[in-house]
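Visitor: can you look at this prediction? I've put the sequence above it.
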Amino acid sequence: MPQKGEKRPSRVSEGASEPLVLTIDEAAEWLRVSRSTIYHLLATGELVAVKIGRSTRIPTSSLERFIEKKTKASYDFRHRHPGRWS
């Protein structure tokens, strides 16, 4: 435990500007979608949420995995159907 006046050790590296978790509203803003879309993605399991007390938070890692998965799916589709993207 830090003594009075000492800085608490941080689990996040100094200068890190990205939070580990976001609120529903922040996640919607981050993905540029509605709150309803975020709730739908949670209900279908495409996003993962963490309950902290009564609050629901979405890890940024869940949002990043979602984007990577969607990007890969889009890339795969384009390469299976090359004539559609010319």
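Guide: Right, received. Where do you want to start?

Visitor: helices and strands around the host helix or strand of residue 51, which ones?
Guide: Secondary structure from DSSP states H and E places residue 51 in strand 50-52. When contacts are defined as 3 or more CB pairs under 8 Å, 6 or more residues apart in numbering; DSSP states H and E, strand 50-52 packs onto strand 55-59. In this view, the C-beta of every residue, glycine as well, is placed from N, C-alpha and C.

Visitor: buried stuff in the strand it packs on?
Guide: 56, 57, 58, 59 (16 or more other CB atoms under 10 Å).

Visitor: in CSV: those residues, plus distance to residue 50 and pLDDT.
Guide: As requested, the buried residues of strand 55-59 are exported to CSV (distance: CB to CB, whole Å; pLDDT from 0 to 100):
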residue, distance to residue 50, pLDDT
56, 7, 97
57, 5, 98
58, 7, 98
59, 6, 97
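
Visitor: which one of these is nearest to residue 21?
Guide: The closest of the buried residues of strand 55-59 to residue 21 turns out to be residue 57 (CB to CB; 3.8 Å).

Visitor: so that closest one touches residue 22, yeah?
Guide: Yes: at 6.6 Å, residue 57 and residue 22 qualify as touching, with contact defined as CB atoms under 8 Å.

Visitor: where does pLDDT dip in the chain?
Guide: For the chain, applying pLDDT under 70 flags the ranges 1-16, 74-86.

Visitor: give me that answer again for 80
Guide: Across the chain, residues meeting the criterion (pLDDT under 80) sit at 1-17, 73-86.

Visitor: which residue ranges form the helices in it?
Guide: 24-31, 35-43, 60-80 (DSSP state H).

Visitor: neighbours of residue 34, just the number please.
Guide: 10 (other CB atoms under 10 Å).
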